[in-house]
Each structure stands twice: as structure tokens, then as C-alpha cells.
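Chemist: Mind looking at a prediction? Sequence and model below.
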Amino acid sequence: MTTIARIVTGVAVAASLSAPGLAQDVTYDYHRGTDFSQLQTFAFRDTPPADEDASKSTAYDSPIVRQNTNAAVAAQLQGRGMTRNDDHPDVYVTTRRTFQTQYIVYGSPGWGYGWGYYGYGPYYTEPITVGTLTVDITSAATGELLWRGVAERDMHPMSNPNHRLERINREVTKMFKKYPAIAVATSGRETPTTTDR
């Protein structure tokens, strides 16, 4: 009994400690042979929502969220010298969100019932919705994937619209922090170099 209680406590503590890590994580990858300084124009391609029910019944995956996400991505690309051109873009941008439910286990050691018995509990779980935003930038000429950014964060289903918009902007800004474009000011680390000589 003691061994099982210790294992359950260890799992609960590990889950509780990992919960803040779900706040916002980002990663990216890009095609190394691409001269991003030559990409001047972009356009958005619509993608259907990954979860039709969530799109129709939640505030965190509504058409408004998709519109605000695209606006945040456009601002990042425009800040790097690109312009939107829906007729003749150099690249297409697609954004999509997927969601999954994860559970955090909470609990703490405490005294159980009965004389001389030391137990653990109570424990309870809390479901959280984790959203993943994927942004793909593909060549309009070849369809080749040139850059992908992925951001994962826990969703706040009942947050107000201003807070939701702030979280979208922070998420996209963090995702594009190291986008390989010449036009953006950098800290001097990992500054991309142009390939034309």
C-alpha cells in the first residue's frame, strides 16, 4: 500500500509541476535552401477547421479567432518587409488549430482514516484544453513547404475577447521571433545571411 501511494503521489506531483509548461511552447523549422529575402508577397489560403463542433460552439476556435490569428501572422510578415498580394503571391500562408484534452492530477499527502494509518489523498483531476496552432508558409510556384511554426498553449474557454486577442498576438509573435527574414531587426544571434552575391 505504501509503495502504491508513493507512486501515485509522484505522478501527481510531476503532473502538477508540468502544468505551467503548457502555458505556451513554440517551435519552428524551415527549408535551408530558401532565400527568404526574395519572398516579397504573401496570401492566405483558407483551411477548414479541424474540429467543426468546436468551431461552431466555442469562442476559442471561432471564425473570429481565425481572423485574428491571420491578422497577427500578416502583421509579423509585414513587419519583415512583405506585402499581402492575393492575386500574385510568392508564398501562401495557412493557419490551423487543433485541440486535445489533457488532465492534470492534483493531490497532496495527508492523514487517512483509522488508528495509526497514514494515507495519501484526496486526488482529483482537472481537464484542460490544449490548442496547437500550426502556420505553414509554402511556395506559390512549387507548393513546397518553406517554413512551419507550431505553438502549443492551454486554452481559456471563458476568457474575454481582449484577453483572447492578447494571447493570440503573444503566441504568433513568439512563433515568428526567429523567422529567417533579413528585414527584421535581430539581436545579432542567428542572423540569416543572404545567398545572392
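Modeler: It's in. Numbering: from 1, shown residues only.

Chemist: all strands for the chain, in order.
Modeler: In the chain, the segments counted as strands under DSSP state E are 25-30, 41-44, 83-84, 91-109, 120-139, 145-154.

Chemist: Let me have the ones you listed in TSV, extended by mean pLDDT.
Modeler: Below are the strands of the chain laid out as TSV (pLDDT from 0 to 100):
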stretch	mean pLDDT
strand 25-30	92
strand 41-44	98
strand 83-84	97
strand 91-109	82
strand 120-139	82
strand 145-154	92
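
Chemist: So which of these is the most surrounded?
Modeler: Counting by mean count of other Cβ atoms under 10 Å, strand 145-154 has the highest mean neighbour count of the strands of the chain, with a mean of 19. (Glycine included, C-beta is placed from N, CA and C.)

Chemist: how about it as PDB, C-alpha atoms only?
Modeler: The C-alpha coordinates for strand 145-154 follow below in PDB (Å, rounded to 0.1, in the frame of the first residue of the first chain):
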ATOM      1  CA  LEU A 145       6.800  23.900 -47.600                       C
ATOM      2  CA  LEU A 146       9.300  26.600 -46.800                       C
ATOM      3  CA  TRP A 147       8.600  27.300 -43.200                       C
ATOM      4  CA  ARG A 148       6.400  25.900 -40.400                       C
ATOM      5  CA  GLY A 149       5.800  27.300 -37.000                       C
ATOM      6  CA  VAL A 150       4.000  25.400 -34.200                       C
ATOM      7  CA  ALA A 151       2.700  26.900 -31.000                       C
ATOM      8  CA  GLU A 152       1.000  25.000 -28.200                       C
ATOM      9  CA  ARG A 153      -0.800  26.600 -25.300                       C
ATOM     10  CA  ASP A 154      -3.600  25.900 -22.800                       C
END
